[in-house]
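# coords below, sequence missing:
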């Protein structure tokens, strides 16, 4: 989700170099070619050219090597083969229409409690320590920190693309990390592959920034737009590699990485390596993280006792223009839901979501997956809507049986005349009309002491330090009344949910 926010929130690492760059890199890589796998993530700064320009050489020779990919691929060969059967079956046959009146299902009951040992790390405690001493919130959370020693998973916490603050999004380790930090709900953005399988990728066309595909010449040449270098005339480096360009097997042969690229790159290597936002890390990207299919994701989250949040994507794909219109968007939606049927997942554990509200109307009216379905909202103009305009705006949701709306954080909050953060008109009208609210996305920004970026744009003037993420979360829960929150780092919201006793398992 968050289709309008890619690349927001932070400067990029890396810098420029002269013609000596390649010679410096070749020397460094050659010198370290014998370094064993455990010595990855060595970063060498070598002065190349005058004028103070430096080149950051991410000397990780095993990071996306064919050997690493082959070992990982062999380890997951059962996933590529056996786990994809439900997608293949759905693609081969016309998806069934699941009516709400089909009677009882034979699904297993939701798991309770979760099947992972929840661990939070130091961040929640650091944030509590930074709160102003005179805040009642600090006293309450400090007492909680001193009292609670064992934490539980919470369905208040939704792992956005897994744990994308630190782990490559929609990889096994990202989805698993979200569960181990207490996210009772974990998201998969679902896109189609060339062979009409389902894969977890945020955007249909983001493989060039979220994987090492440009370092695989045999695959890179198949991209919709192969790599194009930057030019002295000012043209930025460019590429476009889409899930629909490749089979699922080809995509799962790639290595996931943190989302980032170098617009000034002259080579594919320069484009791919070392340009992760400064508030994130490449620490967990070095050994070829496994990209998950939708079936893999279901298996991982189910094994952890979690619940599922598939997002309907393919937003820029015209189904009628491909394969003679024989495969429709409704068939794509059904193929996703069929995977939960095939894996015997109870509909009460599935929370379908999407920016195309008509998709959610279909789910609520024509399938057994409608109770938890919710619409995503990125309509920034609603910040200026009147109460009357907002009632008219939300009316179709109520009329079509949608119970929950999920807007960006800044759409739910505003600063009043006293300088306090309060619920926005949008939030008040949504609750007035009986809609539940899910907010996105916490912990997806640079330091809040710097304003927090896009997600906090309506309340930036009221933010002073990083601990304000807890103040914002408290206002969203206590005053706005959200029922869940998307998080790039679940531990912070899990700590809060345990302190408040929210939707614990």
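It's in. Because the structure is a prediction, the values reported are computed rather than measured.
# for burial, what's the neighbour tally of residue 186?
27 (other C-beta atoms under 10 Å). C-beta coordinates here come from the backbone N, C-alpha and C atoms, glycine included.
# look at it and tell me its secondary structure.
strand (DSSP: H, G, I helix; E, B strand; the rest coil).
# separation between it and residue 469?
Residue 186 sits 20 Å away from residue 469, going by C-beta to C-beta, to the nearest Å.
# again with residue 116
Residue 116 is 24 Å from residue 469, by C-beta to C-beta.
# is it true that residue 137 touches residue 471?
Yes - with contacts counted by C-beta atoms under 8 Å, residue 137 reaches residue 471, the gap being 6.5 Å.
# quick one, which of those two is more surrounded?
The neighbour comparison of residue 137 against residue 471 (other C-beta under 10 Å) goes to residue 471, with 22 against 19.
# which parts of stretch 394-403 are buried?
Residues of stretch 394-403 classed as buried by neighbour count (16 or more other C-beta atoms under 10 Å): 394, 397, 400, 402, 403.
# wait, stretch 225-234
Buried, per 16+ other C-beta under 10 Å, within stretch 225-234: 226, 227, 229, 230.
# which residue packs closest to the first one, ignoring adjacent ones?
In space, not counting the residues next to it along the chain, residue 226 is nearest to residue 220; the distance is 6.1 Å by C-beta to C-beta, 6 or more residues apart in numbering.
# what's the burial count for that neighbour?
Counted with other C-beta under 10 Å, residues neighbouring residue 220 total 18.
# can you report phi and psi for residue 238?
phi -150, psi 150 (degrees, to the nearest 10).
# next: residue 145.
phi -60, psi -30.
# and residue 283, by the same measure?
Taking degrees, to the nearest 10 as the convention, residue 283 sits at phi -60, psi -30.
# that one against residue 165, yeah?
No - counting by C-beta under 8 Å, residue 283 does not reach residue 165; the two are 11.5 Å apart.
# quick revisit: anything in contact with each of residue 137 and residue 471?
residue 131 (C-beta atoms under 8 Å, 6 or more residues apart in numbering).
# which SSE is residue 336 in?
helix 329-342 (DSSP states H and E).
# parallel or antiparallel, list what pairs with the following helix or strand past that helix.
Next helix or strand after helix 329-342 toward the C-terminus (DSSP H and E): strand 353-354. As defined by DSSP bridges, the strand partners of strand 353-354 come to strand 307-312 (parallel), strand 374-377 (parallel).
# now the first one: mean pLDDT?
Per-residue pLDDT over strand 307-312 has a mean of 98.
# pull the residues that contact that strand.
1, 110, 155, 158, 184-190, 294, 297-298, 301, 332-333, 336, 340, 345, 349-354, 356, 359, 376.
# on that earlier part again, make JSON lines from the buried residues of stretch 225-234 and add pLDDT to it.
Listed next are these as JSON lines, based on pLDDT from 0 to 100:
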{"residue": "226", "pLDDT": "98"}
{"residue": "227", "pLDDT": "98"}
{"residue": "229", "pLDDT": "97"}
{"residue": "230", "pLDDT": "96"}
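# need the max-distance pair from the residues you listed.
226 and 230 (14.6 Å; C-beta to C-beta).
# ok, back up a step: packing partners for the helix holding residue 336?
The contact analysis (3 or more C-beta pairs under 8 Å, 6 or more residues apart in numbering; DSSP states H and E) places helix 329-342 against helix 85-92, strand 198-200, helix 294-303, strand 307-312, helix 357-366.
# that helix to helix 357-366, inter-axis angle?
50 degrees (axes from the mean of the first three to the mean of the last three C-alpha atoms, to 10 degrees).
# list the contacts of residue 189.
1, 161, 170, 200, 201, 202, 203, 311, 313.
# kindly report the same for residue 175.
Contacts of residue 175 by C-beta under 8 Å, 6+ apart are 159, 162, 163, 186, 188, 200, 292, 297, 300, 301.
# same check, this time on residue 393
379, 382, 385.
# more neighbours: residue 116 and residue 469, which one.
More crowded of residue 116 and residue 469, by other C-beta under 10 Å: residue 469, with 26 against 18.
# hang on, isn't the more buried one packed against residue 492?
Yes - using C-beta under 8 Å, residue 469 is in contact with residue 492, at 6.4 Å.
# and the strands in the stretch 101-250 of the chain, which stretches?
Using DSSP state E, counting those that start in this stretch, the strands found in the stretch 101-250 of the chain span residues 154-159, 183-192, 198-200, 225-228, 238-240.
# can I get the ones you listed in TSV including distance to residue 216?
What follows is the strands of the stretch 101-250 of the chain, written out as TSV (distance: least, C-beta to C-beta, whole Å):
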stretch	distance to residue 216
strand 154-159	29
strand 183-192	19
strand 198-200	17
strand 225-228	11
strand 238-240	12
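# which one of the ones you listed lies closest to residue 504?
The nearest among the strands of the stretch 101-250 of the chain, by C-beta to C-beta, is strand 154-159 at 5.3 Å.
# what packs against that closest one?
helix 172-180, strand 183-192, strand 484-487, helix 490-500.
# flag every buried residue along that strand.
Residues 154, 155, 156, 157, 158, 159 are the ones in strand 154-159 that count as buried (16+ other C-beta under 10 Å).
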